[in-house]
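[1] sharing a model prediction with you, sequence too.
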Amino acid sequence: MKSKNKNIVVDRILSLGYAIKGLWLLLQTENAIKVHVISTLLLTIVGFIFQLSATEWMFQFLTLGLVIGVEALNTSIEKIADYIQPNFDPKIGTIKDVSAGAVLFSAVYGAVVVGIIYIPKILQYIHL
């Protein structure tokens, strides 16, 4: 939403408010986002248990942020598509499928990164 105020600080504060509202709406309405946020919290706890290095934390949070961000964009695309065409339409279906595929791609990438970080640590823990 475009603000009529020309003050850049006020505009940024208003924009932050809209972003927080959007995040809150996602958390209230989208189960997939809830799953990703819970996964992030659990992996953060596990990261402290396994004492991740700064680099491992960086990759973990970049990956988790990527997955959540792509999921949020997927939700936006689906809502726009449903608004434009509330009835079944194969072209809209393709758009929604590709958007969901982007989420899957980022989630698979995320699983690989998490595996690279944690599998050696788990194996080392098991062999002690």
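    Happy to help now that I have it. Every value quoted in this text rests on a predicted model; they were computed, and no experiment measured them.
[2] give me the mean pLDDT for the longest helix along the chain.
    Counting residues, the longest helix found in the chain (DSSP state H) is helix 90-126. For helix 90-126, the mean pLDDT works out to 96.
[3] buried set for it?
    For helix 90-126, the neighbour count (16 or more other Cβ atoms under 10 Å) marks 92, 95-96, 99-100, 103, 106-107, 110, 113-114, 117-118, 121 as buried. C-beta here means a position set from N, CA and C on the backbone, and glycine is covered the same way.
[4] other SSEs contacting whichever strand or helix holds residue 12?
    According to DSSP states H and E, residue 12 maps onto helix 8-29. Using 3 or more Cβ pairs under 8 Å, 6 or more residues apart in numbering; DSSP states H and E, the elements in contact with helix 8-29 are helix 31-49, helix 54-84.
[5] wait, which of the ones you listed is closest to residue 16?
    Residue 16 sits nearest to helix 54-84 of all these, at 15.9 Å, using Cβ to Cβ.
[6] report the angle between the closest one and helix 8-29.
    Here the directions of helix 54-84 and helix 8-29 differ by 80 degrees (axes from the mean of the first three to the mean of the last three Cα atoms, to 10 degrees).
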